[in-house]
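1. Generate a structure from the sequence data that follows.
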Amino acid sequence: MTENTMRNVKRKRSPEQKYGKYKWLKMLIRRNSEELREIKRMLKGISRGLAHLMDFDSEYLIGMVCEDSRDEAILDLLLSVGSDGLPPREIHVRLKGYGLKYHHISRRINRMNKRMKNEIGYRVADKVGMNWALSDFMLRSWSAKKSEIEKQETAGEEDFRE
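-> This next block holds a predicted model:
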């Protein structure tokens, strides 16, 4: 190429030069965030569609649903009560050491329901009249896991005795 044509060729600017460094970085971050949201949406759809085939670990369920030890205490109490459930005032009386007020218990259970509903499409607890009781899904999955753990512990003790 001659020197004259070299001067007439337009050089393209990079996006960084065109928009500015920080504005371009913001555009890239926004683009990546949108892609991540789309991937999460697709994964939720797949997990909801295949949820009936999945075996959920009790630790996974607790980690997904519970924010702190108070939520775990509420779930433990509801599990021990069974399918009859307890009213929020009774849960408050039994969990006095956790600093919960009786009107916060329903709010906490509703939040746990919302988190689990968004994640896998099931509920943690259902209203039974005026009482809160663990849902059938939670009773099935959590009770099965606890019995498996107990069997493993007893098998471990028997191995230890031999």
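2. the domain parsing of the protein - what is it?
-> Structural domains of the chain, as assigned by automatic domain parsing, span the residue ranges 15-52, 55-151.
3. Let me have these in JSON lines, adding mean pLDDT as columns.
-> Supplementary listing: those in JSON lines, determined by pLDDT from 0 to 100:
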{"stretch": "domain 15-52", "mean pLDDT": "90"}
{"stretch": "domain 55-151", "mean pLDDT": "86"}
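4. looking at those, which is buried most?
-> Relative to the other members of the domains of the chain, domain 55-151 carries the highest mean neighbour count by mean count of other CB atoms under 10 Å, namely a mean of 16. (Each C-beta comes from the backbone N, C-alpha and C, glycine too.)
5. before we move on, which element is residue 114 in?
-> Element membership of residue 114, judged by DSSP states H and E, is helix 102-119.
6. And that helix, what does it pack against?
-> The elements that helix 102-119 packs onto, with contact taken as 3 or more CB pairs under 8 Å, 6 or more residues apart in numbering; DSSP states H and E, are helix 21-49, helix 58-65, helix 69-81, helix 88-94, strand 125-128, strand 131-134.
7. got these as CSV, with distance to residue 111 columns?
-> CSV is the format used below for these (distance: least, CB to CB, whole Å):
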stretch, distance to residue 111
helix 21-49, 18
helix 58-65, 9
helix 69-81, 8
helix 88-94, 14
strand 125-128, 11
strand 131-134, 13
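8. I'd like the domains of the chain written out as CSV, with distance to residue 9 added.
-> Listed next are the domains of the chain as CSV, based on distance: least, CB to CB, whole Å:
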stretch, distance to residue 9
domain 15-52, 17
domain 55-151, 55
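9. ok, residue 71 - contacts?
-> Residue 71 sits next to 65, 108, 112 when contact means CB atoms under 8 Å, 6 or more residues apart in numbering.
10. Apart from its chain neighbours, what residue comes closest to the first one?
-> Among residues not flanking residue 65 along the chain, residue 112 sits closest, at 4.6 Å (CB to CB, 6 or more residues apart in numbering).
11. For the residue nearest the centre of the chain, which non-adjacent residue is spatially closest?
-> In the chain, the centroid-proximal residue (CA atoms, centre = their mean) is residue 64; its distance is 3.1 Å. For residue 64, ignoring the flanking residues on the chain, the nearest one in space by CB to CB, 6+ apart is residue 119 at 5.4 Å.
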